[in-house]
Every structure is written in structure tokens, then in C-alpha cells.
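okay, sequence plus prediction incoming.
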Amino acid sequence: MIMETVNISTEFIKLGQALKLAGLVSSGVDAKMLIGDGQILVDGEVETRRGRKLFGGEVIEFEGNKIKVVNNAD
């Protein structure tokens, strides 16, 4: 399985924003629905908070896709 990355240059990114940046959803509404339905995993656990802050190092999973959040702020 190929793991893609989402690069951020700020202290953190919210889960909904990360899903859009990764191209897994086309809108914030789509992200809200998927997260609310429990379809998104963060580090292997179901995450239902759209505003969950990701600081780097986390792995987001959705429908077989794995995305690692990489923080380039330093």
C-alpha cells in the first residue's frame, strides 16, 4: 500500500482541512459527513471530531487510503 503525505507549514491542521488538502473529499460538507459517520480513522482509531487538530506524524485512513500528516513548520 502506498502512503501519501499531506505537508503542512503551520502548527497544526484540522482533520476536515487535511481531508480536503489530501483530495479525499471535495468540500467541508463532505468531510463533516464522513467524520460524523465514523468513516475516518486517525492513527487506527475512529475519529468523529472534525476539528481534531493534527500536529504532524498522524496517519489518516479512509477507504483504504492512508495519508500521513507531515509538519514542515520548523
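Yep, that arrived. Numbers count the residues shown, from 1 in each chain.

can you get me a residue count around Ile35?
Neighbour count for Ile35, taken as other CB atoms under 10 Å: 23. Just so you know, the C-beta spots here come from the backbone N, C-alpha and C atoms, and that holds for glycine as well.

in its sheet, what does the lowest-mean-pLDDT helix or strand in the chain sit against?
One helix or strand of the chain scores below all others by mean pLDDT, DSSP states H and E: strand 3-8, with a mean of 91. The pairing partners recorded for strand 3-8 under DSSP bridges are strand 65-71 (parallel).

could you export the strand it pairs with as PDB, CA atoms only?
Presented in PDB, the C-alpha positions along strand 65-71 are these (Å, rounded to 0.1, in the frame of the first residue of the first chain):
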ATOM      1  CA  ASN A  65      -6.200   5.300   1.600                       C
ATOM      2  CA  LYS A  66      -3.500   6.200   4.100                       C
ATOM      3  CA  ILE A  67      -2.300   9.800   4.400                       C
ATOM      4  CA  LYS A  68       0.500  10.800   6.800                       C
ATOM      5  CA  VAL A  69       0.500  14.400   8.100                       C
ATOM      6  CA  VAL A  70       4.000  15.900   7.800                       C
ATOM      7  CA  ASN A  71       4.700  19.200   9.600                       C
END
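
for it, the distance to its chain's centre please.
Distance of strand 65-71 from the chain centroid (CA atoms, centre = their mean, to the nearest Å) equals 7 Å.

would you mark the buried spots in that strand?
Burial within strand 65-71, assessed by neighbour count using 16 or more other CB atoms under 10 Å, is assigned to Ile67, Val69, Asn71.

and the last one, what's its pLDDT?
Asn71 is assigned a predicted lDDT (pLDDT) of 96.

all helices for this protein, in order.
Assigned by DSSP state H, the helices in the chain fall at 15-21, 28-36.

do you know which of those lies nearest Gly51?
helix 15-21 (7.1 Å; CB to CB).

no further queries at this time; thank you.
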